[in-house]
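>>> Structure for the following, please:
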Amino acid sequence: MKRNILYLIYLLSLITMATGCKSKDMGTPLASTQANFSYVLNNQGYAPCEVTFTNLSLSAVGYSWDFGNGETSTEANPTTSYTIPGLYTVKLTCTPANTVYYNQSVKTLVVNVKDPLAGLTQVFYFTTRGTPGNGHMVIMDDAPPVVQDFTPADMTRPYGIAVDTAHKKVYITDYSMQAIYMVNADGTEPRKILDAGVPGQELVGDAEAIFVLGDKIYWGRTGGIYRANLDGSNPEPFINTGGNPPEYPIDMQYDPATNKIYLVNDKTDYSGGYWSVNMDGTGLTEIIPAIDGTAIELDPRNGKTYMALYAAAGTVATENGIYMCNMDGTNIAKIGDYGTKATWGVTLDTKKNKIFWGVKNSNADPDGKIIRANLDGSNPEDWITGVSPHAMTIVQIKL
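Residues are numbered from 1 along each chain as shown. Predicted structure coming up:
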């Protein structure tokens, strides 16, 4: 028995020695490579957006990225852009620091770039003059246009229209009523939010041009550009021209790319012209002098401006019509005709690359129409007939 115990102790000592020697001979294991990364999207993940990648890989000496949008990179922490909504498979392949069998040198993740138009409806809004005047809407799908009337209000000459898509509101200026109305995006619950007949609201006066930016509405009338909160409160001068040109911005649009307002100035009683001005009031510039414009629309994607112009002696507009030029005023050309009365509305469908404008044969009778054409004015067609069209705009909005 004693001999067996001694033999067992001897065997255990041999095993311990062998194990200790083996561990000592192996040393510290080589580090494995683990590919890994995270990412952050701007613009709340809606296209177009930029994505910033943070590299979290271990024991790598090189990186190869495939972003799934046709772009690649070898930077450690790259960025890329996605302009089209969709699911993009991003693959990171690392160059291992050591050649060991437990390297995991490839990592893939799917980036979801959301569609900013998901759940939105494309709507054509326009106004008509008459007794009464009113606002209208058309759901833009592949079916023939069906005009839906707004709930009636006391409008007579609604010459300006703008939409606040964030709060689902439509704003209409009425030159004759000297008022600005706010209406739900579905055309219901019209409400007069500014009335020149109310003390403290005289600044709305003969308003025509209007646009929405942030938490303000901006309108043009005699004396320059004015603004108020979205509910019409706190009306105030914004850019006071002090009787100097442009004396009366009759229609205007905002360009977010340049942070400028582009406008046409009244020619009937004032000096006319196609103008631009910075949003801080500086840089007031007459781009095309003395032209007689009644409507303006911008296409910043293609660097174009569209205007409805009366012929004015000594100017580039030698005859009535719809004109297109570069935003800097160069290469102006007539691309379409309108009726015997002024056209107060021009707008663009940027999804289908179409331009729309109004044709009027009388001031208020429903004997006019809305024309749809290609952006260069080619292939014009009667889109809506039997109306007296004035202001118009197209937006993507959640109804």
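>>> Show me which residues of the host helix or strand of Tyr218 are buried.
Assigned by DSSP states H and E, Tyr218 belongs to strand 216-221. For strand 216-221, a neighbour-count test (16 or more other C-beta atoms under 10 Å) marks Ile217, Tyr218, Trp219, Gly220, Arg221 as buried. Where C-beta positions appear, they are placed from N, C-alpha and C, glycine not excepted.
>>> do stretch 247-254 as well
Glu247, Tyr248, Pro249, Ile250, Asp251, Met252, Gln253, Tyr254.
>>> again, but for stretch 125-145
125-130, 133-138, 140.
>>> among those, which are in strands?
Judged by DSSP state E, the buried residues of stretch 125-145 include Tyr125, Phe126, Thr127, Thr128, Asn134, Gly135, His136, Met137, Val138 as members of strands.
>>> quick one, what contacts the fourth one?
The one in question is Thr128. Shown in contact with Thr128 (C-beta atoms under 8 Å, 6 or more residues apart in numbering): Asn134, His136, Pro158, Pro366, Val387, Ser388, Pro389, His390.
>>> Do you have the helices of this protein handy? List them.
Under the criterion DSSP state H, helices of the chain are mapped to 2-26.
>>> Now do the contacts for the spatially most central residue of the chain.
Nearest residue to the geometric centre of the chain (C-alpha atoms, centre = their mean): Pro256, 8.1 Å. Residues near Pro256 by C-beta under 8 Å, 6+ apart: Pro300.
>>> for Val395, same thing?
Gln122, Val123, Tyr125, Val163, Thr165.
>>> re the thing from before, mind putting the ones in strands among the buried residues of stretch 125-145 into JSON lines with pLDDT and distance to Ser57?
Formatted as JSON lines, those follow (pLDDT from 0 to 100; distance: C-beta to C-beta, whole Å):
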{"residue": "Tyr125", "pLDDT": "98", "distance to Ser57": "52"}
{"residue": "Phe126", "pLDDT": "98", "distance to Ser57": "56"}
{"residue": "Thr127", "pLDDT": "98", "distance to Ser57": "59"}
{"residue": "Thr128", "pLDDT": "97", "distance to Ser57": "63"}
{"residue": "Asn134", "pLDDT": "96", "distance to Ser57": "63"}
{"residue": "Gly135", "pLDDT": "97", "distance to Ser57": "58"}
{"residue": "His136", "pLDDT": "97", "distance to Ser57": "58"}
{"residue": "Met137", "pLDDT": "97", "distance to Ser57": "53"}
{"residue": "Val138", "pLDDT": "97", "distance to Ser57": "54"}
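>>> Of the buried residues of strand 216-221, which is the nearest to Asn184?
Relative to Asn184, the closest of the buried residues of strand 216-221 is Ile217; by C-beta to C-beta it sits at 15.6 Å.
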